[in-house]
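Colleague: sequence-free structure coming up:
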């Protein structure tokens, strides 16, 4: 009786080329090349805890004073998380990618928060976001995390063959038995 063992790895693909010891013969050279050449985008997020979901307060028009915001400013995306009225909440002041994420990578947390607050003040001049902040800000730059190495895959022109190799490697009918 022959027993076969299967290994399923769902890690970020760059870990296979940088952090996990893998038997080279497991994949053919074309797949190793695809793993090495696939690009993942940089990303940066800046979170702050606030006293309550004040963005639901209404202005003179009856609309909320703030809403989820997508912008061309360096914050790119601003998102809200809450547990109901009058309970502490969280704002992702900035969720940016690629070059915008790299611009803030070397900056300390306080500077990232300051830049985001200034950008949002231009969009919402009547909202004092800073007065609601209650917790220490948290910044995440995925490209600085040793075990992540990128936010999400970018399909660059000419790289579709790499994507096909990576996501189609389970189709093995034309592969050697080993």
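Modeller: Cool, got the structure. Keep in mind that what you see is a predicted model, and the values were worked out from it rather than measured.
Colleague: give me the contact list for the top helix by length along the chain.
Modeller: Identified as the longest helix of the chain according to DSSP state H is helix 109-123. Helix 109-123 is contacted from outside by 44, 46, 48, 69, 71, 73-75, 78, 93-94, 104, 107, 127, 129-130, 136-139, using Cβ atoms under 8 Å, 6 or more residues apart in numbering. To be clear about C-beta, it is placed using only N, CA and C from the backbone, and glycine gets the same treatment.
Colleague: show me these that map onto strands.
Modeller: 44, 46, 48, 69, 78, 93-94, 138-139 (DSSP state E).
Colleague: can I get the buried part of the residues you listed as one ChimeraX selection?
Modeller: Listed next is the ChimeraX selection for buried residues among the ones in strands among the contacts of helix 109-123, using 16 or more other Cβ atoms under 10 Å:
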select :44,46,48,69,78,93,94,139
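Colleague: point out where this structure drops to low pLDDT.
Modeller: Across the chain, the ranges flagged by pLDDT under 70 are 6-7, 9, 147-160, 164, 167-172, 175-176, 178.
Colleague: go again using 80 as the cut-off
Modeller: Scanning the chain for pLDDT under 80 picks out 1-15, 37-41, 142-178.
Colleague: helices of that one, residue ranges please.
Modeller: Ranges of helices within the chain are 15-18, 29-37, 98-104, 109-123, 160-167, based on DSSP H.
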